[in-house]
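**Student:** Build me a structure from this.
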Amino acid sequence: MTAHYQVHADVAVITLDNPPVNGLGLATRRGIAAGLEQAQADAAVKAIVITGAGKAFSGGADITEFGTDKALAEPNLHSVISAVENCSKPVVAAIHTVCMGGGLELALGCHYRIAAPGCSVALPEVKLGLLPGAGGTQRLPRVVGVEAALNMIVSGEPVKSELIASVPGQKLFDKLAASPESLADEALAFARSVADVRPLPLVRNLPCKHPQGDAYFQFARNMVKGMAKNFPAPLKCLDAVEAAATHKKFDDGLKVERELFIQLMWSPESRALRHLFFAERAASKIPDVPAGTPLREIKKVAVIGAGTMGGGIAMNFLNAGLPVTILEMKQEAINRGVEVMSRNYEAQVKKGKLKQEKYEQRMALLSTTLDYAALADADLVIEAVFEDLGVKEQVFKQLDAVMKPGAILASNTSTLDVNKIAAFTARPQDVVGLHFFSPANVMKLLEVVRGDKTAKDVMATVMAVAKKIKKVAVVSGVCDGFIGNRMIEQYGRQGGFLLDEGCTPQQVDKAIEKFGFAMGPFRMGDLAGNDIGWAIRKRRYVEKPDMKYSKTADLLCEKGRFGQKVGKGWYDYAPGKRTPIPNAEVEQMLEEHRKSLGLTPRKISDEEIVQRLVFSLVNEAAHILEEGIANKASDIDVVYIFGYGFPVHRGGPLNYANEVGLFNVAAAMKRFAQNPLDDAAFWQPAPLLQRLVAEGKQF
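**Tutor:** Residues are numbered from 1 along each chain as shown. Sure, this is the predicted structure:
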């Protein structure tokens, strides 16, 4: 049973018990309805309390039922709330810890509400591209006022119960309990005190108006429009709250909320957000590593290299309260690295994002050394040195010699072979790739590269560590570039071909940014450093001489235009600014390059630019899935959303391909293969893609 019924003298208590957050699944909804019936049939029961077991009142809908028949099966949440409102005896919600989404909507349907201090109260549906669909947009404005309710619903952010209780005139809580521990007893006493009060108070009967009326909603609409950009949900939330304030009958407002909810439910944006919600949770599960795998203890961390990457990686662990030792070859390199880290923290203190004592605590956890022997007792060591196999070999041989047995040895390589790195040691089972993204203290993605010999408990441990340092970890097999960089190389190649054929860098960047990317391929190259791509291409010319590239990026690097770090790349940059300024010399270079190849530039549509860039990601992703480098399609979407600025409202490259229709995606690829200036071999749809199209399936 996921809802228990118990009678305490003259009060019946219905306790939701569906861990972890008492989600309102079908069994729980049935349990509440049954409990209400039983209490009404029992003459000895004078009042009813609804509460939640464990660490929540209720977190809302049961996400495991999303998209299944159970989600809408009767009694649905509307029916349960209606049963509560129509109950002949007073129903008191005893709220604690977490009261969100459908949980808050259920509480608003009760006749009275008593809350424990420290409870997080929210209607977070907007974060899944939805709006509260069980009366939340109609009842919340009636108890906290239109403005406060609209802020809560449009932001989806939680508010603490004691803050709400302190607002004069609020009717959300009839009482604030003295402490979480005393809530149960206080709820029983409160229920007895109102047992005989009639008529029973209903939130739906409270008035709902804004003193400025239409003028306020017009102002709010302009604010929300500016904030909501590619997402329809925030504006629909506003429409629903406006309906609460302007419809004479409560049920008419409820009808508007329902219609808007259904519109959003079928929108591609909400589908994308729901896809990502599940994808992010699924990414941490590895098919052959069971949930209960024992973990290795990680109490001390070491980082090799105090450069931008090493310092950023170290900050993640300091933020999580883990002591870190950084090793460098020279004292000045250490000094430089530590100075950058403290500058980063000081900037956060200045902005009020970090308390001074927190900053001091974090820096106190940091130690530095020039001697490998000082790392001997670390549980996890992460190498962040220059991306060269010879350099990595020296580092891993040293680590193998000094690290204690059972320590995890990780490489932050972005492209190199983790199996070769593991082979430099006598303990390949302890070696794993941990590919952080730059800036490592900000970017949420962590690619966990599993070598052929990496032990299962090492995988389980690093996935748990990733959670501790607030990263979204995705497992990749070993191949050149792993998931993210292997795909981005194809995207970059397409960018180059588009320049050959007549585009300017700003035309390509503008088109893909309009599609929703954080930045286009050429601005991204300037930010990362064009010399990095140049080094990779030089390696490619030797290893894969038949791979076709545009020469434009090499010509740019020959001019020393390495990007933002030198103030000039595909664009120019004013000192200390990141704004890209188009450069005439680059345009001239492109024109001369086309002439030398005898190419006549053509007009290329934004649609073609977007399709070639995005579908190149899709085709490479299909190869990656087929080879088993990624465990599942959703993992690839998570990599691209959290690591490469892919538009969130499109849910990642493979979710987007599903939305476009794989038949249409494959047809476009065949069209691009006809272009003599492109790479026909690359545009053959991957076997997996062809198979899915033939079977009418999706990724």
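
**Student:** Centre of the chain to the helix or strand of the chain with the lowest mean pLDDT, how far?
**Tutor:** Every helix and strand in the chain was compared by mean pLDDT, DSSP states H and E; the lowest is helix 69-72, with a mean of 86. Helix 69-72 sits 26 Å away from the centroid of its parent chain (CA atoms, centre = their mean, to the nearest Å).

**Student:** so what secondary structure elements neighbour the helix or strand following it?
**Tutor:** Sequence-wise, the next helix or strand downstream of helix 69-72 (DSSP states H and E) is helix 77-85. Judged by 3 or more CB pairs under 8 Å, 6 or more residues apart in numbering; DSSP states H and E, helix 77-85 is in contact with helix 26-41, helix 102-109. In short, each C-beta sits where N, CA and C put it, glycine included.

**Student:** between the first one and helix 77-85, how big is the angle?
**Tutor:** By that I understand helix 26-41. Orientation of helix 26-41 against helix 77-85 (axes from the mean of the first three to the mean of the last three CA atoms, to 10 degrees) gives an angle of 20 degrees.

**Student:** partners of the helix or strand following helix 26-41 in the sheet?
**Tutor:** Going down the chain from helix 26-41, the next helix or strand is strand 47-52, by DSSP H and E. Sheet pairing of strand 47-52 (DSSP bridges) gives strand 11-16 (parallel), strand 91-95 (parallel).

**Student:** And the contacts of the shortest one?
**Tutor:** Outside of strand 91-95, the residues within contact range by CB atoms under 8 Å, 6 or more residues apart in numbering are 36, 47-51, 57, 84, 106-107, 110-116, 119, 121, 161, 173, 183-184, 187, 190-191, 194.

**Student:** run the last query once more with 7 Å
**Tutor:** 47-51, 57, 84, 107, 110-116, 119, 161, 183-184, 187, 190-191 (CB atoms under 7 Å, 6 or more residues apart in numbering).

**Student:** can you list the residues that contact stretch 74-85?
**Tutor:** Taking CB under 7 Å, 6+ apart as the rule, stretch 74-85 contacts 24, 29-30, 32-33, 36, 91, 102, 105-106, 109-110, 134-135, 202, 204.

**Student:** List the buried residues for that stretch?
**Tutor:** Buried residues in stretch 74-85, defined by neighbour count with 16 or more other CB atoms under 10 Å: 75-78, 80-81, 83-85.

**Student:** just stretch 579-589 next, same as before
**Tutor:** In stretch 579-589, counting by 16+ other CB under 10 Å, buried: 580, 583, 586, 589.

**Student:** And stretch 298-306, by the same measure?
**Tutor:** Quick answer for stretch 298-306 (16+ other CB under 10 Å): 298, 300-306.

**Student:** same deal with stretch 426-436?
**Tutor:** For stretch 426-436, burial by neighbour count (16+ other CB under 10 Å) applies to 427-428, 430-436.

**Student:** Tell me the one of the buried residues of stretch 298-306 nearest residue 312?
**Tutor:** residue 303 (9.7 Å; CB to CB).

**Student:** Name all residues that make contact with the closest one.
**Tutor:** 310, 313-314, 324, 326, 382, 384.

**Student:** can you confirm it is in a strand?
**Tutor:** Yes: assessed with DSSP: H, G, I helix; E, B strand; the rest coil, residue 303 lies in a strand.

**Student:** That one and residue 450, how far apart?
**Tutor:** Using CB to CB, to the nearest Å, residue 303 is found at 21 Å from residue 450.

**Student:** Same question for residue 298.
**Tutor:** Counting by CB to CB, the gap from residue 298 to residue 450 is 18 Å.

**Student:** could the strands paired with strand 47-52 go into CSV alongside mean neighbour count, mean pLDDT and distance to residue 369?
**Tutor:** Below are those laid out as CSV (neighbours: other CB atoms under 10 Å; pLDDT from 0 to 100; distance: least, CB to CB, whole Å):
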stretch, mean neighbour count, mean pLDDT, distance to residue 369
strand 11-16, 24, 98, 53
strand 91-95, 28, 98, 51
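
**Student:** could you dump the ones you listed to JSON lines with distance to residue 412?
**Tutor:** Below are these laid out as JSON lines (distance: least, CB to CB, whole Å):
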{"stretch": "strand 11-16", "distance to residue 412": "45"}
{"stretch": "strand 91-95", "distance to residue 412": "45"}
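
**Student:** Out of those, which gets nearest to residue 401?
**Tutor:** Minimum separation from residue 401 across the strands paired with strand 47-52 (CB to CB) falls at strand 11-16, 56.2 Å.

**Student:** Can you give me every residue that contacts residue 617?
**Tutor:** Neighbours of residue 617 in contact, by CB under 7 Å, 6+ apart: 487, 490-491, 653.

**Student:** tell me the secondary structure for residue 263?
**Tutor:** Look at residue 263: counting by three-state DSSP, its state is helix.

**Student:** in stretch 189-197, what's buried?
**Tutor:** By 16+ other CB under 10 Å, the buried positions in stretch 189-197 come out as 190-192, 194-195.

**Student:** gap between the two ends of that stretch?
**Tutor:** For stretch 189-197, the separation between the terminal residues is 14 Å (CA to CA, to the nearest Å).

**Student:** And stretch 170-181, by the same measure?
**Tutor:** By CA to CA, one end of stretch 170-181 lies 24 Å from the other end.

**Student:** buried set for it?
**Tutor:** 172-177.

**Student:** Among those residues, which pair sits farthest apart?
**Tutor:** 172 and 177 (14.1 Å).

**Student:** tell me, how many neighbours does residue 552 end up with?
**Tutor:** Applying other CB atoms under 10 Å, we find 22 residues neighbouring residue 552.

**Student:** domain assignment for the chain?
**Tutor:** With domains defined by automatic domain parsing, the chain comprises 3-265, 301-476, 484-695.

**Student:** Redo those as JSON lines? Include distance to residue 289.
**Tutor:** Formatted as JSON lines, the domains of the chain follow (distance: least, CB to CB, whole Å):
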{"stretch": "domain 3-265", "distance to residue 289": "21"}
{"stretch": "domain 301-476", "distance to residue 289": "5"}
{"stretch": "domain 484-695", "distance to residue 289": "11"}
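
**Student:** circling back to that earlier point, which one of the buried residues of stretch 426-436 sits closest to residue 218?
**Tutor:** Nearest to residue 218 among those, counting by CB to CB, is residue 436 at 45.8 Å.

**Student:** OK, contacts around the closest one?
**Tutor:** Counting by CB under 7 Å, 6+ apart, residue 436 makes contact with 309, 312-313, 412, 446.

**Student:** ok, and the most crowded of the contacts of residue 303?
**Tutor:** Neighbour-wise, the contacts of residue 303 (other CB under 10 Å) top out at residue 314, 30 neighbours.

**Student:** Look up which helix or strand that residue falls in, please.
**Tutor:** Using DSSP H and E, residue 314 falls in helix 308-319.

**Student:** so after that helix, what's the next helix or strand?
**Tutor:** Per DSSP H and E, the first helix or strand lying C-terminal to helix 308-319 is strand 324-327.

**Student:** For that following strand, name the packing helices and strands.
**Tutor:** strand 301-304, helix 308-319, strand 366-369 (3 or more CB pairs under 7 Å, 6 or more residues apart in numbering; DSSP states H and E).

**Student:** Just send these back as a markdown table, with distance to residue 140 and mean pLDDT too.
**Tutor:** Converted to a markdown table, the helices and strands packed on strand 324-327 look like this (distance: least, CB to CB, whole Å; pLDDT from 0 to 100):
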| stretch | distance to residue 140 | mean pLDDT |
| --- | --- | --- |
| strand 301-304 | 44 | 98 |
| helix 308-319 | 35 | 96 |
| strand 366-369 | 46 | 97 |
